[in-house]
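here is a sequence together with a model predicted from it:
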Amino acid sequence: GNSVTQMEGPVTLSEEAFLTINCTYTATGYPSLFWYVQYPGEGLQLLLKATKADDKGSNKGFEATYRKETTSFHLEKGSVQVSDSAVYFCAPNSGGGADGLTFGKGTHLIIQP
Amino acid sequence: EAEVAQSPRYKITEKSQAVAFWCDPISGHATLYWYRQILGQGPELLVQFQDESVVDDSQLPKDRFSAERLKGVDSTLKIQPAELGDSAMYLCASSLAENRPQHFGDGTRLSIL
């Protein structure tokens, strides 16, 4: 089955700092890759996705590139804000008809003003 | 507010009792998923439906858990009997089709006493 390794945390940064959250995965087949975010007191929200090698997903200033050769999908943002404080989950799907997501443990991001 | 509806939001029950969760997916979404999220971890897939058929229930503890989606719309997840280790957030998600982004409900938080 699939597995995901991502930075745990908490990761604490100052506002306007550059953010990288590393994610590597193992998967059978050819998965699509997703980043989900969970803000305090809220449910999981899709942040961005990529469906094939070298695709770049982007949303709200966040970006991640599907790197098939390194099986990675690192999340980046050039200048974080306090409102980005949340838990971030990397998740490949199974790439076939049974396409449930395999989530990492999540990275708790804290942005200080 | 999430578009995938789940109820109840919270459930407290004693071990050995039966408990049931309900999910109403986004209208028109053929694929429905149930996940379990233990505090501090990422969600784990329990079961996936395509319309009324089970696509993947390999991680569902079938001795005590059951899930159904009789008319291919809403779904019920049941635990009988509940155990202390079942305390978790139970999340429902839906997607338009296979390999499309999954949209999550706010979940049901289950506490077993």
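Here it is on my side, so go on.

flag every buried residue along stretch B:3-19.
B:4, B:6, B:11, B:13, B:19 (16 or more other Cβ atoms under 10 Å in any protein chain shown). The way it works is simple: take the backbone N, C-alpha and C, and place the C-beta from them, glycine included.

for the first one, give me its contacts.
For residue B:4, the contacting residues are B:23, B:24, B:25, B:26, B:92, B:93, B:94, B:103, B:104, B:105, taking Cβ atoms under 8 Å, 6 or more residues apart in numbering or on different chains as the criterion.

also the last one?
Residues touching residue B:19, when contacts are defined by Cβ under 8 Å, 6+ apart, comprise B:11, B:13, B:78, B:79, B:80, B:82, B:110.

pull out the buried residues from the residues you listed.
The neighbour-count test (16+ other Cβ under 10 Å) applied to the contacts of residue B:19 identifies B:11, B:13, B:79, B:82, B:110 as buried.

quick check: residues of chain B near chain A?
Within chain B, the positions lying close to chain A (Cβ under 8 Å from any Cβ of the partner chain) are B:2, B:31, B:33, B:35, B:40-45, B:48, B:50, B:55-56, B:91, B:93, B:98-99, B:101-107.

give me that answer again for 6 Å
B:2, B:33, B:41-43, B:45, B:48, B:55-56, B:98-99, B:101, B:104, B:106 (Cβ under 6 Å from any Cβ of the partner chain).
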